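Asks: Here is my input; please provide its structure:
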Amino acid sequence: MRALILSDIHGSALAARQALSFFEKFNCDKIFLLGDTLYHGPRNPLPAGHGPMQVVEALAPYKDRIVAVRGNCDADVDLMMLDFPIENEYKVVEDCGLHLFMSHGHIFMPECFPRDALNAIESTGATQSTAQDQTDAPQKPQIDVYLYGHTHIWMLEKNFRNVLLVNPGSTSLPKGGNPPTFGLYESTPANGSEPAHAKFSIHMLENGKEIKAVRI
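Replies: Residues are numbered from 1 along each chain as shown. You can find the predicted model right below:
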């Protein structure tokens, strides 16, 4: 799999089109969209090339290839405008033996996100469950990578719980003195004696230049 990782477009048609141009350049087959897609947000200035409807049109041809989650600035009307679902607060993608947790980042804090987070997130009535109930419950898969946005600052490193944190930054409203950025995920399945492996990287939106990469 090769996936373009985008977050915090915030209604910039200019940024969306520029980011999507790398879908073909990097021969991607998926787009991981991490929220805050159309609305610029009350705390943010209007991004350059602001045009939410043009963002909708730019994303439409990729609707069957997009895996998306909802951000804190994604309103109910945004769900109606887009041609693909964004209502989920998180999604889990399994690829080449890895479990990738996708969420915007405002609900599940990345800094302390544990590998066994799904056991707590997906358990029903956990506050009432007994110790025996928890022992008998089937264990959820361990999370290897947390893909998130929200901060508008790119990140590519493991937290203290050994979960790789991947934040592609913002394509339109970067913070922390960073340029507009996006991420890329590349995986290769096992082949004979060669084990499966994956690479995550952060790239400059202006020219696609790689800023940092991590292989797992």
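Asks: Sort out which residues of the helix or strand in which Asp78 is found are buried, please.
Replies: Element membership for Asp78, per DSSP states H and E: helix 76-81. Buried residues in helix 76-81, counted by 16 or more other CB atoms under 10 Å: Asp78. For every residue, glycine as well, the C-beta is placed using N, CA and C.
Asks: following that helix, which helix or strand shows up next?
Replies: By DSSP H and E, the next helix or strand past helix 76-81 is strand 90-95.
Asks: check contacts around Ile202.
Replies: With contact taken as CB atoms under 8 Å, 6 or more residues apart in numbering, Ile202 is in contact with 154, 156, 168-169, 181-183, 210-213.
Asks: Pick the one among those residues closest to Ala3.
Replies: Using CB to CB, Gly183 comes nearest to Ala3 of those, at 8.6 Å.
Asks: ok, that closest one - contacts?
Replies: Counting by CB under 8 Å, 6+ apart, Gly183 has contacts 4-6, 32, 147, 154, 156, 166-169, 200-203.
Asks: repeat that for 7 Å
Replies: 5, 166, 168, 200-202 (CB atoms under 7 Å, 6 or more residues apart in numbering).
Asks: just Cys28 next, same as before
Replies: Contacts of Cys28 (CB under 7 Å, 6+ apart): 2-4.
Asks: Which strands or helices does the top helix by length along the chain pack on?
Replies: For the chain, the helix reaching the highest residue count under DSSP state H is reported as helix 13-25. In terms of contacts (3 or more CB pairs under 7 Å, 6 or more residues apart in numbering; DSSP states H and E), helix 13-25 is packed against strand 2-6, helix 52-59.
Asks: can you tell me the average pLDDT over the longest one?
Replies: Translated: helix 52-59. Confidence for helix 52-59, expressed as mean pLDDT, is 98.
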